[in-house]
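Student: Let me see the structure of the following:
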Amino acid sequence: MLRPPPEAPLGVLPREALRIDQGFHPHHAHWQGQGYAMGAEAGAAAALVFVPRSKRLARALVAQACAFAPGGLVAVDGQKTDGIDSLFRACRNRLGDLPNVTKGHGRLFWFRATEAFADWAMPEPEPGPEPGPEGFVTLPGVFSEQGVDRGSALLAGALPPKMVGRVCDLGAGWGYLAQAVLSREEVTHLDLVEAEALALDCARLNVTDPRAAFHWADALTFSPAEPYTHIVTNPPFHESRKGQPTLGQGFITAAARMLAPNGRLWLVANRHLPYEAVLTDRFRNAEEIGGDGAFKLFAASRPRR
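Tutor: Predicted structure coming up:
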């Protein structure tokens, strides 16, 4: 099972026959907590792909499914809003007519594993002369895979010239903000906390400073070894196509829990997101410090426990 979300009805299948490959930590933890075997292995009789929002990642998963189940059945399931129809057409263009079922704004189609999608395989995250946007390594499916996110760039430019002590990049992605933090010489340690394993693989290549430590973890539940003096974050607000402001609000609450009493939070958010109330609830001092027409920047200090 490749990338099943928590709501996937896997209970109709024999648990002892399944292995789950899920690179998003909260979803990985969900299935692991249900007692499923984690991590895909080659030689499966069949592989089922749950289509993610990223078109490039979806194609990579199809290639991966064929590799995991050589000669076996490959099934692909997804919603129209996540691009299942365009993926179906792309597969049909290579294989011809495919059996499929449509229901509830979604589609399921299947075929025998083949090498026809080998060129869709996920590339190895390796640094090179021009590894990616602005010299950074990225992979299909990670946030801002095509270039530096404008909100992150605004936040990097607004960070104070002097940062001291232990710092956390909460939701670190492929490491852009971490590089900005580590340009401050008095930072003694930086934790990069990221839920998407693919993004963290990239961050390990992009951030080579020995002060950095990498954590595949859910930012909402991560517990640091010691409190932080600073936390920087560009929190997500999507797990599906529908925005979920509660995700970013959860990041703010988590940051307040992780910071030292005199610690400071540095945050960027899309203009429309309602973060002001939770900032003033979780911090004694919170102010907007800049931004542009699309993004707003906040600094907050003196967290409330």
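Student: Identify the bridge partners of the residue most central in space within the chain.
Tutor: Nearest to the geometric centre of the chain sits Glu196, at 3.6 Å (C-alpha atoms, centre = their mean). Note on Glu196: beta-bridge partners Phe24, judged by DSSP bridges.
Student: pretty sure it contacts Gly23?
Tutor: Yes: the pair formed by Glu196 and Gly23 meets the contact definition of C-beta atoms under 8 Å, at 6.2 Å. The way it works is simple: take the backbone N, C-alpha and C, and place the C-beta from them, glycine included.
Student: what sits against Ala67?
Tutor: Contacts for Ala67 were tallied using C-beta atoms under 8 Å, 6 or more residues apart in numbering; they are 42, 113, 121.
Student: Can you pull the phi/psi pair for the closest residue in space to Trp266 that isn't next to it in sequence?
Tutor: Sequence neighbours aside, Val232 is the residue nearest to Trp266 in space, at 4.6 Å (criterion: C-beta to C-beta, 6 or more residues apart in numbering). Main-chain dihedrals, Val232, degrees, to the nearest 10: phi -110, psi 140.
Student: what does Leu108 give?
Tutor: Backbone dihedrals for Leu108, given as degrees, to the nearest 10, come out at phi -120, psi 130.
Student: who touches it in this structure?
Tutor: The contact partners of Leu108, by C-beta under 8 Å, 6+ apart, come to 75-77, 100-101.
Student: Arg305 too?
Tutor: Applying C-beta under 8 Å, 6+ apart to Arg305 gives the contacts 256-257.
Student: Next: Gly175.
Tutor: Residues near Gly175 by C-beta under 8 Å, 6+ apart: 136, 169, 192, 202-203, 206-207.
Student: Among those residues, which ones are in helices?
Tutor: Among those, the ones falling in helices (DSSP state H) are 202-203, 206.
Student: List the residues that contact the closest residue to Ala40 other than its chain neighbours.
Tutor: Leaving aside its sequence neighbours, Ala40 sits nearest to Asp21 (C-beta to C-beta, 6+ apart; 3.7 Å). Each residue near Asp21 by C-beta under 8 Å, 6+ apart is listed here: 1-3, 38-40, 64, 68.
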